[in-house]
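J.: any chance you could fold what I've pasted below:
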Amino acid sequence: MNNEATIDKMNQMRFTGMVRAFTNAVQAGMKSDFTPDELIAHLIDAEFDERNNRKISRLLAQAKFRYKAVIQEISYIGSRNIDKNVLLRFTDKNWLHKGENIIITGATGVGKSFIACSIGNQACLNGFKVIYASCMKLFSNLKYSRVDGSYSKEMEKIQKADLLILDDFGLHVLDSQARLMLLEMLEDRHGIKSTIITSQVPISGWHEVIGEATIADAICDRIVHSAYKIDLKGGSMRKNKKTQS
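T.: As a prediction, the model looks like this:
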C-alpha cells in the first residue's frame, strides 16, 4: 500500500493527528528511522494528543468562563489572604473525584471570579466538564426554561457537569423560585459533583440572602460545612492593574 492510500484511509477514519505525524515523517525522510513498533507508537501518541487537545478546547469553549485565567497567574501577595498550598490542591483531580466544594468570598474586585475561573480552567485541562454561570443570569434563564418546557433538560445539564461555578452569589435576595432551584441543583450534586460559589456576602450572611430559614439551612448544609473556604482580603485588583498601567 502506498503512502497516499494510507493517508487517505487515515483521513476517512478522521485520524487527524496520525495523518499529520505520518505526513511529517514521510516528508522529512524520517519514516525509515523508525522500527515498525516505534512508528506505530509515534502515530498513536500523535493521535492521542490531537484528540485530547480537541477535547480540552471543546470543554473550555463549553464552559464559557468569564476570564481566561490560569492558576499560575494568581498573585499570592500577603494582603490577599491566599494560601498557595490550598490552591495548588485544586490542580489535581482528587477533589473533583470526591465531589468537594469551594466557597470564595471577599469584597468586589478582589479576584474571586478570576480564581474561580482559573480553577475551572484547570479542571478542563484535566478533562472535566465545567459550567460557569453568573447566579443572576442562571436563575433568570432557568425561570424562562420553566415557561418553554426545557427546565428539566437544563437542570440535567447542571447535574451532569463535573464542576459547577456559581459566580456572584448574593447580589440580590433570592425569591421563592430561585431558592428552590438552588436547593434542587445542590441536592442533585451533593457528595457527587463539585461546586464553586463566589460571593461578596460573607457566609454568615447567606441565610438572609437565601431568605427562607428552612431552605437556607438545607442549602448551607449541602455546600458550606464541608467546603474549602477562601476569604479574600485586600483592595481591588482591577484598581491595582489600572494604577500599574
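
J.: where does the protein dip in pLDDT?
T.: Residue ranges of the chain with pLDDT under 70: 1, 30-32, 237-245.

J.: run the last query once more with 90
T.: 1-53, 72, 75-86, 109, 212, 225-226, 233-245 (pLDDT under 90).

J.: just the strands in it please.
T.: For the chain, the strands defined by DSSP state E cover 102-105, 130-134, 163-169, 194-199, 228-231.

J.: which residues does the last one contact?
T.: Residues from elsewhere that reach strand 228-231 (C-beta atoms under 8 Å, 6 or more residues apart in numbering): 81-82, 86-87, 89, 95, 100-106, 115, 202-203. C-betas here are computed from N, CA, C, even on glycine.

J.: partner residues bridging the closest residue to Lys157 other than its chain neighbours?
T.: Computed as C-beta to C-beta, 6 or more residues apart in numbering, the closest residue to Lys157 that is not its neighbour in sequence is Ile131, at 7.1 Å. Beta-bridge partners recorded for Ile131 (DSSP bridges): Leu164.

J.: can you pull out the helices in the chain?
T.: Secondary structure of the chain, counting by DSSP state H: helices at 3-12, 16-27, 36-63, 84-88, 94-97, 112-125, 135-148, 151-160, 176-189, 206-210, 213-223, 237-244.

J.: which of the strands of the chain sits closest to Leu43?
T.: strand 130-134 (31.0 Å; C-beta to C-beta).

J.: what are the contacting residues of the closest one?
T.: For strand 130-134, contacts defined as C-beta under 8 Å, 6+ apart pick out 59, 62-66, 116-117, 120, 123-124, 157-158, 161-168.

J.: coming back round to it: with mean neighbour count added, can I get the strands of the chain in a markdown table?
T.: Output for the strands of the chain, formatted as a markdown table (neighbours: other C-beta atoms under 10 Å):
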| stretch | mean neighbour count |
| --- | --- |
| strand 102-105 | 23 |
| strand 130-134 | 21 |
| strand 163-169 | 25 |
| strand 194-199 | 24 |
| strand 228-231 | 16 |
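
J.: quick one: buried residues of stretch 60-79?
T.: Neighbour-count burial for stretch 60-79, with 16 or more other C-beta atoms under 10 Å as criterion, is recorded at Leu60, Ala63, Phe65, Arg66, Tyr67, Ala69, Ile71, Ile74.

J.: can you give me the end-to-end span of it?
T.: 31 Å (C-alpha to C-alpha, to the nearest Å).

J.: skip the chain neighbours and tell me the closest residue to the residue positioned nearest the centre of the chain.
T.: Nearest to the mean C-alpha position of the chain, by C-alpha atoms, centre = their mean, lies Gly120 at 2.7 Å. With C-beta to C-beta, 6+ apart as the criterion, Gly120 has its nearest non-adjacent residue at 4.6 Å, and that residue is Val130.

J.: any idea how far Ser118 is from the one you found?
T.: According to C-beta to C-beta, to the nearest Å, Val130 and Ser118 sit 12 Å apart.

J.: coming back round to it: which of the helices of the chain sits most buried?
T.: Comparing the helices of the chain by mean neighbour count (mean count of other C-beta atoms under 10 Å), helix 112-125 comes out on top with a mean of 23.

J.: how far away from the center of its chain is it?
T.: Helix 112-125 has its C-alpha centroid displaced from the chain centroid by 6 Å (C-alpha atoms, centre = their mean, to the nearest Å).

J.: please convert the helices of the chain to a markdown table, extending it with distance to Thr198.
T.: Shown next, in a markdown table, are the helices of the chain (distance: least, C-beta to C-beta, whole Å):
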| stretch | distance to Thr198 |
| --- | --- |
| helix 3-12 | 45 |
| helix 16-27 | 37 |
| helix 36-63 | 15 |
| helix 84-88 | 14 |
| helix 94-97 | 17 |
| helix 112-125 | 4 |
| helix 135-148 | 9 |
| helix 151-160 | 17 |
| helix 176-189 | 14 |
| helix 206-210 | 13 |
| helix 213-223 | 12 |
| helix 237-244 | 14 |
